[in-house]
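K.L.:
Need a 3D model of the following:
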Amino acid sequence: MAHIRIALLNKVVKELPPEEQEELIKRGAFLRLTELKKRLDIAKLRIKEFGIKYRTTFTELSKRGLPETAGYEMHEDFMEWKHWIKVSQETDRIIKKISKII
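P.N.:
Model prediction:
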């Protein structure tokens, strides 16, 4: 389904004058960057919160491994922490690519 929408979008955009194509892409990129920067801020905040809670970094905890006494909450936090790191990295990568447009 997404493939069909992208094909339709490409067709419609190509029918616009070049200056309208450029404006549309730049404005869309600007709006998307705003959303992505908010997502990145949330991810960084969550990563920081886990670092404070466990008094370490994710990298260090991953190297050491979870302690034998780690309970359910710490295991769940570890998985969520890992998730937010992935979100942060992927969002940052996308921001860098879209930033080249504007």
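
K.L.:
only C-alpha atoms for contact and neighbour calcs from this point on.
P.N.:
Will do.

K.L.:
so what does the helix or strand containing I94 touch, helix or strand wise?
P.N.:
Here I94 sits within helix 72-99, counting by DSSP states H and E. Applying 3 or more Cα pairs under 8 Å, 6 or more residues apart in numbering; DSSP states H and E, we find helix 72-99 packed against helix 18-54.

K.L.:
Give me the contacts around the next helix or strand after the helix it packs on.
P.N.:
Scanning forward in sequence from helix 18-54 by DSSP H and E, the next helix or strand is helix 58-64. Contact with helix 58-64 is made by G51, W81, K82, as judged by Cα atoms under 8 Å, 6 or more residues apart in numbering.

K.L.:
Spit out the contact partners of the residue most central in space within the chain.
P.N.:
Centrality entry for the chain: nearest residue to the mean C-alpha point is T91, 2.4 Å, by Cα atoms, centre = their mean. Counting by Cα under 8 Å, 6+ apart, T91 touches L36, K37, R39, L40.

K.L.:
how about 10 Å then?
P.N.:
L33, L36, K37, K38, R39, L40, D41, A43, I85, K97 (Cα atoms under 10 Å, 6 or more residues apart in numbering).

K.L.:
Equivalent analysis for K26, please.
P.N.:
Neighbours of K26 in contact, by Cα under 10 Å, 6+ apart: E20, R32, I98, S99, I101, I102.

K.L.:
repeat for G65
P.N.:
If you count contacts by Cα under 10 Å, 6+ apart, G65 has them with F58, T59.

K.L.:
Please apply the same query to H75.
P.N.:
L66, W81.

K.L.:
what do you get for L40?
P.N.:
Counted by Cα under 10 Å, 6+ apart, L40 has contacts T34, R46, W84, I85, V87, S88, Q89, E90, T91, D92, I95.
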